[in-house]
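K.L.:
here's a sequence, model it:
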Amino acid sequence: MRCVIARFPFDLTKSEVEQSMNGVSPEPVTGVSVSIGRRVYPVMQVGEVITKQDRRDFTSGEMRRALTRLGFTCHDAPPAAPAAPAPAPRADEDAWRW
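P.N.:
Okay, here's the model as predicted:
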């Protein structure tokens, strides 16, 4: 299938993408991700591997559209972890404050 990523045309197939990502360890997912086989990769990592372009040259939206058209399942960014509340001061700490 013909995909345009960062203004460059690519002829990609699902099996070629799977083969390109074979043996590549997934980076931690912080944004949009894609399931390839039994692994979940950030779409930007997949885009960098299959296009051999710098990640700054394309967007996650371009990669998501291309990978979805190829038949892969893309996932939205994981929800942000809630911030932990600040610990309460201990009773013995209050006596030493000036």
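
K.L.:
can you pull the pLDDT of the residue nearest to the spatial centre of the chain?
P.N.:
The centroid of the chain falls nearest to P42 when counting by C-alpha atoms, centre = their mean (2.0 Å). pLDDT, P42: 95.

K.L.:
so who does it touch?
P.N.:
Contacts for P42 (C-beta atoms under 8 Å, 6 or more residues apart in numbering) come out as P26, E27, P28, V29, T30, G31, V32, S33, V34. In this view, the C-beta of every residue, glycine as well, is placed from N, C-alpha and C.

K.L.:
drop anything exposed from those.
P.N.:
Among the contacts of P42, those scoring as buried are V29, V32, S33, V34 (criterion: 16 or more other C-beta atoms under 10 Å).

K.L.:
which residue sits closest to T51, ignoring its sequence neighbours?
P.N.:
Leaving aside its sequence neighbours, T51 sits nearest to I5 (C-beta to C-beta, 6 or more residues apart in numbering; 5.5 Å).

K.L.:
so what's the residue count around the one you found?
P.N.:
19 (other C-beta atoms under 10 Å).
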